[in-house]
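Enquirer: no sequence for this one, just the structure:
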């Protein structure tokens, strides 16, 4: 990928869009759900390696490809299926962005998980986790990317 400002902006736009669209697609436009805060996720990642994610997520019945957006080369996006969300006791939804070659943050995974806390009806919590096997620079870019995504107002 060329190392210029326009390419970096495009990658940031599509990566940010992928996570936010994953969250928005889980709910109807008319819902009054509020997303409360962003926190590091205490729930362990589903796989121990990026290779595990690239192999494992497509094979799962409770996960689907996140559509509705064009991803840059080296980006894969998945989300929890609506059926799985409806069966979850706390309406947990997950969105994964996997960065593979030739992406500058490859190999790495960013996961955004939302759920309804106990005794809440309309408020959701948002938690994030990353797995980075990239270079030091790639991991720093992933951390900066997550800070930008999480700094946005999710409503």
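Expert: Ah, there it is. All figures in this text were calculated on a predicted structure; none of them were measured in a lab.
Enquirer: Return the list of strands paired to the longest strand along the chain, each annotated with direction.
Expert: Longest strand in the chain by number of residues (criterion: DSSP state E): strand 123-132. The pairing partners recorded for strand 123-132 under DSSP bridges are strand 34-40 (parallel), strand 108-115 (antiparallel).
Enquirer: between those strands, which gets the lowest average pLDDT?
Expert: With a mean of 78, strand 34-40 has the lowest mean pLDDT of the strands paired with strand 123-132.
Enquirer: From the chain's centroid, how far away is that strand?
Expert: Going by CA atoms, centre = their mean, to the nearest Å, the spacing between the C-alpha centre of strand 34-40 and its chain's C-alpha centre is 14 Å.
Enquirer: Next: stretch 138-152.
Expert: A distance of 11 Å separates the C-alpha centroid of stretch 138-152 from that of its chain, computed with CA atoms, centre = their mean.
Enquirer: How about stretch 115-134?
Expert: The chain centre lies 11 Å from the centre of stretch 115-134; the measure is CA atoms, centre = their mean.
Enquirer: end to end, how far does stretch 95-108 reach?
Expert: For stretch 95-108, the first-to-last residue distance is 14 Å (CA to CA, to the nearest Å).
Enquirer: Do a quick rundown of the helices in this structure.
Expert: In the chain, the helices defined using DSSP state H lie at 5-25, 50-59, 82-87, 136-151.
Enquirer: okay, and for the protein, where does confidence drop off?
Expert: Flagging of the chain using pLDDT under 70 yields the residue ranges 1-33, 121, 152-155.
Enquirer: Give the burial count for residue 49, as a bare number.
Expert: 14 (other CB atoms under 10 Å). Placement of C-beta: from N, CA and C, glycine included.
Enquirer: What's the local residue count around the residue lying closest to residue 109 once chain neighbours are set aside?
Expert: With sequence-adjacent residues excluded and distances taken as CB to CB, 6 or more residues apart in numbering, residue 109 is closest to residue 131, at 4.5 Å. Look at residue 131: counted by other CB under 10 Å, it has 22 neighbours.
Enquirer: Likewise for residue 82?
Expert: Using other CB under 10 Å, residue 82 has 13 neighbouring residues.
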